[in-house]
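1. With the sequence up front, the predicted model follows.
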Amino acid sequence: MKSKNKEKKQKIKVTKNGPYLVSGKIKLQEQISTVDSKQVPIKWSKGIKYPPQKVYALCRCGQSKNKPFCDGTHIKIRFNGKETAGKETYLRNPKKIDGPELCLTDYEELCASARFCHREGGIWNLISESNNQNKRKIAIEESCDCPSGRLLIFDKRTRGIIEPDLEKEIGLIEDPAMKVRGPIWIRGKIEIESAEGEKYTLRNRVTLCRCGKSKNKPFCDSSHYPEAETVEAIHMQ
């Protein structure tokens, strides 16, 4: 017989037109984007740490008055949370940028607009000069700070992927510089299951939509951010 005290498996279940049901006593804490004088993110800082719970439900519609937790508002507003990520076909053919020492794969559809990739001229330019040790270091930092896993770096000498060592936990992204509340950051290869019982690709870094507007549900597609023109203008300053 299984022990009654055995912890539930750590996983996230997307419920039909409802919240994310989190089980397995997964840690929950704010992750705050800290910027430099040019408003470009340079590091993650920890914010509010929520008391541990064996099971909890995180708001997915973006309208809860008890954020980050669900309060049933999705029922009142008739939230359409239909999952559109499907078979995640965008994971099959990413753009590739080849540098002298590093190779970058760019899964654009996963962009959560965390903006860490814009430091020092942008990760795409840094990759092309990755034989410069300082630029190589910054490129790796930018990739590892990407919460959605859009940007992945491979070391051409070892042929291995360079990934941050992340504990299994959930982060709530806050971006004060842009005055927006970002997505839910799933860290450390936590299983995510669709409302239909299908398992999404297990990844070290994933961002889930919590504004309710993404067209790639359950994943974030940057819909929580201001218009693209405004964001681009800030990047060009």
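-> Structure received.

2. Could you point out the longest helix of the chain?
-> helix 133-144 (DSSP state H).

3. CA-only coordinates of it in CSV, if you can.
-> Once non-C-alpha atoms are left out, helix 133-144 reads as follows in CSV (Å, rounded to 0.1, in the frame of the first residue of the first chain):
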residue,chain,number,x,y,z
GLN,A,133,35.3,36.2,-23.3
ASN,A,134,33.4,39.1,-21.8
LYS,A,135,30.8,39.0,-24.6
ARG,A,136,30.5,35.3,-24.3
LYS,A,137,29.8,35.7,-20.5
ILE,A,138,27.1,38.3,-21.0
ALA,A,139,25.4,36.3,-23.8
ILE,A,140,25.2,33.2,-21.5
GLU,A,141,23.8,35.4,-18.7
GLU,A,142,21.2,36.8,-21.0
SER,A,143,20.2,33.4,-22.2
CYS,A,144,20.0,32.0,-18.6
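
4. Run through who's touching it.
-> Defining contact as C-beta atoms under 8 Å, 6 or more residues apart in numbering, one finds that helix 133-144 is touched by 101-102, 104, 116-117, 119-120, 123, 126-127, 129-130, 151-153, 162-164. Heads up, the C-betas are built off the backbone N, CA and C, glycines and all.

5. Residue 181: neighbour count?
-> 17 (other C-beta atoms under 10 Å).

6. Please name the nearest non-neighbouring residue to it.
-> residue 174 (6.1 Å; C-beta to C-beta, 6 or more residues apart in numbering).

7. follow-up on the earlier one: can you point out the buried residues in the helix or strand just after the longest helix of the chain?
-> Later in the chain than helix 133-144, the nearest helix or strand by DSSP states H and E is strand 151-155. For strand 151-155, burial by neighbour count (16 or more other C-beta atoms under 10 Å) applies to 151-154.

8. Quick one: mean pLDDT for strand 151-155?
-> Mean pLDDT, strand 151-155: 97.

9. Next, the buried residues of the longest helix of the chain.
-> In helix 133-144, residues buried by neighbour count (16+ other C-beta under 10 Å) are 135-136, 138-144.

10. ok, the residues you listed vs residue 48, which is closest?
-> When the buried residues of helix 133-144 are compared for distance to residue 48 (C-beta to C-beta), residue 144 wins out at 23.2 Å.

11. Identify, from the buried residues of helix 133-144, the entry nearest to residue 54.
-> Nearest to residue 54 among those is residue 144, at 30.2 Å by C-beta to C-beta.

12. where's residue 226, which helix or strand?
-> Residue 226 belongs to no helix or strand, assigned by DSSP H and E.

13. And it, how far from residue 138?
-> According to C-beta to C-beta, to the nearest Å, residue 226 stands 26 Å off from residue 138.

14. so where do the strands sit in this structure?
-> With DSSP state E, the ranges of strands along the chain come out as 11-14, 20-23, 27-35, 41-49, 55-58, 95-98, 102-106, 151-155, 160-162, 169-175, 180-187, 191-193, 205-208.

15. which one of these lies closest to residue 80?
-> Residue 80 sits nearest to strand 11-14 of all those, at 13.3 Å, using C-beta to C-beta.
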